[in-house]
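Colleague: Just the structure for this:
(one chain, ligands or ions: 1)
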Amino acid sequence: VPDDSLRAAWDGQAENWIAWNRNNRDDTFYRFHGERFFELVPEPGALTLDIGAGEGRVGRALHERGHTVVELEGSPTMARASAELGGIAVAGDAACLPFPSSIADVAIAFMSLHDVDDMPGAVLEIARVLKSGGALVMAIVHPINSAGEWSESETFSLYQDSYFKERVYSDSIEHDGLPMTFNSRHRPLDAWSGALEAAGFTIEAIREVGDEEGKWTRVPLFLDLRARRS
Ligand SMILES: C[S@@+](CC[C@H](N)C(=O)[O-])C[C@H]1O[C@@H](n2cnc3c(N)ncnc32)[C@H](O)[C@@H]1O
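Modeller: A predicted model of the protein is given here:
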């Protein structure tokens, strides 16, 4: 894994991410985003793959909803942490999935594909491992969010001169003394729909998710979607 890859940066944040999730219930996943996202997830089939699964919080929630989940995670430390809580977790690259073709009914990528270096390659791989008619349900940082920044007076503006320019960025946040640095890549919506189209997906549903109060009621935080492999 190259030192300057997003995957390596995430592995470097593994201990922070595990502590953040297991001690901080203020994260948007627990407050509202998890429930919003699960509305898009189909009924369980024989196998659900969770791609970019982190320390396993989404896999555990899906397991409670009746899914048989296998997780794929870029950081070996995080995959191990999930396994310690009972998750079936494999360390590997989303763009080179260690699974046979046409094996899964559902693929989940919750807040992970914008953190994957080769996102179009990962989407192709997800299409390969899904059965025909299988669903990919994914959540990403909304491209409007990642294209911009807030000023101190809470005015939102473009970070650089073009929404269309891709960029790698880092956001450092601290909650209750728990530090976390998020390493991601901004891509315009066109890059996402292009990757899904090239992999043979049809988009079925899109949700733009904001917070319930504060500045993120004015600009969407996340974009969730369900796509079907034809
Ligand atoms: C924001 S976290 C989300 C984790 C999990 N889905 C959750 O919601 O708790 C993004 C995850 O993507 C993983 N990731 C980054 N690049 C990856 C890659 N190339 N292959 C697989 N996972 C990757 C990171 O290690 C990290 O666990």
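
Colleague: got a pLDDT number for the residue positioned nearest the centre of the chain?
Modeller: Centroid-nearest residue in the chain: residue 111, 1.9 Å away (criterion: C-alpha atoms, centre = their mean). With respect to pLDDT, residue 111 scores 98.

Colleague: wait, isn't it in contact with residue 142?
Modeller: No: taking contacts as C-beta atoms under 8 Å, residue 111 lies outside contact range of residue 142: 11.2 Å. Glycine gets a C-beta too; all of them are placed from N, C-alpha and C.

Colleague: got the residues of the protein near the ligand?
Modeller: Taking C-beta under 6 Å from any ligand atom as the contact definition, the chain meets the ligand at 6-7, 10, 52-54, 57-58, 73-75, 78, 93-94, 110-112, 115-117.

Colleague: Can you pull out the low-pLDDT segments for this protein?
Modeller: Across the chain, not a single residue meets the criterion (pLDDT under 70).

Colleague: Now the element after the longest strand belonging to it, going C-ward?
Modeller: Longest strand in the chain, counting residues (DSSP state E): strand 130-141. Next helix or strand after strand 130-141 toward the C-terminus (DSSP states H and E): helix 143-147.

Colleague: who touches that following helix?
Modeller: For helix 143-147, the external contacting residues (C-beta atoms under 8 Å, 6 or more residues apart in numbering) are 114, 158-159, 163, 169, 184, 186-189, 192, 219-223.

Colleague: Are any of the residues you listed buried, and if so which?
Modeller: Neighbour counting with 16 or more other C-beta atoms under 10 Å marks 114, 163, 184, 186, 187, 188, 189, 192, 220, 221, 222, 223 as buried within those.

Colleague: need the residues you listed in a markdown table with distance to residue 67 and secondary structure, can you?
Modeller: A markdown table is the format used below for the buried ones among the contacts of helix 143-147 (distance: C-beta to C-beta, whole Å; DSSP: H, G, I helix; E, B strand; the rest coil):
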| residue | distance to residue 67 | secondary structure |
| --- | --- | --- |
| 114 | 23 | helix |
| 163 | 36 | coil |
| 184 | 26 | strand |
| 186 | 31 | strand |
| 187 | 28 | coil |
| 188 | 32 | coil |
| 189 | 28 | helix |
| 192 | 24 | helix |
| 220 | 27 | coil |
| 221 | 25 | coil |
| 222 | 21 | strand |
| 223 | 22 | strand |
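
Colleague: Pick out whichever of the residues you listed sits closest to residue 128.
Modeller: residue 192 (18.3 Å; C-beta to C-beta).

Colleague: Just the ones in helices from the residues of the chain next to the ligand, please.
Modeller: Among the residues of the chain next to the ligand, the ones falling in helices (DSSP state H) are 6, 7, 10, 57, 58, 78.

Colleague: now the third one: how far from residue 44?
Modeller: What it means is residue 10. The gap separating residue 10 from residue 44 is 28 Å, by C-beta to C-beta, to the nearest Å.

Colleague: between the two, who's got more neighbours?
Modeller: Set residue 10 next to residue 44 and count neighbours by other C-beta atoms under 10 Å: residue 10 wins out with 25 against 16.

Colleague: isn't that one right up against residue 115?
Modeller: Yes: with contact defined as C-beta under 8 Å, residue 10 reaches residue 115; the gap is 6.0 Å.
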